[in-house]
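Build the 3D model from these lines:
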Amino acid sequence: MAVGWLGWPPDLAWRTPLPELFLAVDARIEWAQMTNPFGTKGGVQKEKPKPSTVAEKLRQVLTGKRAA
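Residues are numbered from 1 along each chain as shown. The predicted structure follows:
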């Protein structure tokens, strides 16, 4: 994910702690939403997800564990 989607070099990706990686992914998602030239469907923006929510979902995918 860090090398492909974020475009980081492999050595940086391996040295980055997971919390920083999750923050970078959250920022990338937010940036992609803000720079979307087509806007949101219907012109109504939905509530911005909390960074901890996005990070938690990614953590669940990477670890294979479900939230309690």
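
Which elements pack onto the strand or helix carrying Thr53?
Following DSSP states H and E, one finds Thr53 within helix 51-63. If you count contacts as 3 or more CB pairs under 8 Å, 6 or more residues apart in numbering; DSSP states H and E, helix 51-63 packs onto helix 18-34. C-betas here are computed from N, CA, C, even on glycine.

how far is the helix it packs on from where the chain is centred?
Put simply, helix 18-34 sits 4 Å off its chain's centre (CA atoms, centre = their mean, to the nearest Å).

and that helix with helix 51-63, angle?
Orientation of helix 18-34 against helix 51-63 (axes from the mean of the first three to the mean of the last three CA atoms, to 10 degrees) gives an angle of 120 degrees.

Counting neighbours, which bits of the helix or strand bottoming out on mean pLDDT in the chain end up buried?
Lowest mean confidence among the helices and strands of the chain (mean pLDDT, DSSP states H and E): helix 51-63, at a mean of 74. The neighbour-count check on helix 51-63 (16 or more other CB atoms under 10 Å) flags Val54, Ala55, Leu58 as buried.
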